[in-house]
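> need coordinates for the following:
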Amino acid sequence: MLLVPMGYQAKRVIDRPASLAADWIDDLFSVSGCLSRAVIDARWSWLRNGFHLLDTPSQLLDIAHAFGISVAGARLFYYATHPFAFDETVDGWRACRPVSAHTRVAVPVRRTLEGFDLVTYDPATGVGCSPLSCNGLAAATGTNRHCLLPSLRSAISLLEQGFLANTEPGPYRVVAVYSVPWPGTTRTPAAPANEIE
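Below is the predicted model:
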């Protein structure tokens, strides 16, 4: 299945909080900003795309420079999403497109797939919560050390089984989370060939 490019976000990743009873988790690479917060909040940016993210890492750096925001110590992430959102009110999938045609995400050549997150998503406001971390549901399923699911298949299966029922209001999106190097660096290796299995 082809994933749809969503964009980029810089985050200050936190270690697993004591309230999340899952000792195999080291830190939170969750898409939402509830715990690991975004350095640049694209919602107020004149550069945000139709997913309320940014199309390129250079846009993040431009905003940081314009507002005097330090990105030191922040990690850069690229996101891609399942083309449909899961709507628990109808127990099925529905189309969920960007709210703006001005979405021209530059897909990174160098990227490392870290896993898949399940996130609430409103086309008008973008990403909401990540129930795996925000609601502590990672303790009840097989996440990796970054509080993400290991495969697209496992993420879809949990949604269809009603795993997120009675947590946060949907619809929900499955989002692939990739680490990418900041421009001018080479710290992140190429993605594996089977990155969306």
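> beyond the lengthiest helix in the chain, next helix or strand please.
Determined from DSSP state H, the single longest helix within the chain is helix 57-67. Using DSSP states H and E, the helix or strand that follows helix 57-67 in sequence is strand 75-81.
> what's the angle from that next one to helix 57-67?
130 degrees (axes from the mean of the first three to the mean of the last three CA atoms, to 10 degrees).
> hmm, who's touching strand 75-81?
Contacts to strand 75-81, defined as CB atoms under 8 Å, 6 or more residues apart in numbering, come from residues 3-13, 29, 31, 51, 53, 57, 60, 107-108, 111, 173-182. Heads up, the C-betas are built off the backbone N, CA and C, glycines and all.
> next: stretch 122-139.
19-22, 25, 28, 30-35, 42-43, 51-53, 96-99, 117-121, 141, 143, 147-149, 163-164, 167-168, 173, 175.
> what's the separation between the residue nearest to Ile63 when sequence neighbours are not counted and Leu61?
Of all residues not flanking Ile63 in the chain, Ile40 sits nearest, at 5.1 Å (CB to CB, 6 or more residues apart in numbering). For Ile40, the distance to Leu61 equals 9 Å [CB to CB, to the nearest Å].
> same question for Phe84.
Taking CB to CB as the measure, Phe84 and Leu61 are separated by 32 Å.
> next: Phe116.
Separation of Phe116 from Leu61 (CB to CB): 27 Å.
> which one's more surrounded, those two?
When Phe116 is set against Leu61 and neighbours are counted by other CB atoms under 10 Å, the residue ahead is Phe116, at 29 against 19.
> may I have the phi/psi pair for the more buried one?
Note on Phe116: its backbone torsions stand at phi -120, psi 140 [degrees, to the nearest 10].
> do Ser154 as well
For Ser154, the backbone dihedrals (degrees, to the nearest 10) come out as phi -70, psi -40.
> verify the contact between it and Leu148 for me.
No. In this structure, Ser154 is not within contact of Leu148 by CB atoms under 8 Å, at 10.2 Å.
> so the two - more neighbours on which side?
It is Leu148, of Ser154 and Leu148, that has more neighbours when counted by other CB under 10 Å, with 26 against 15.
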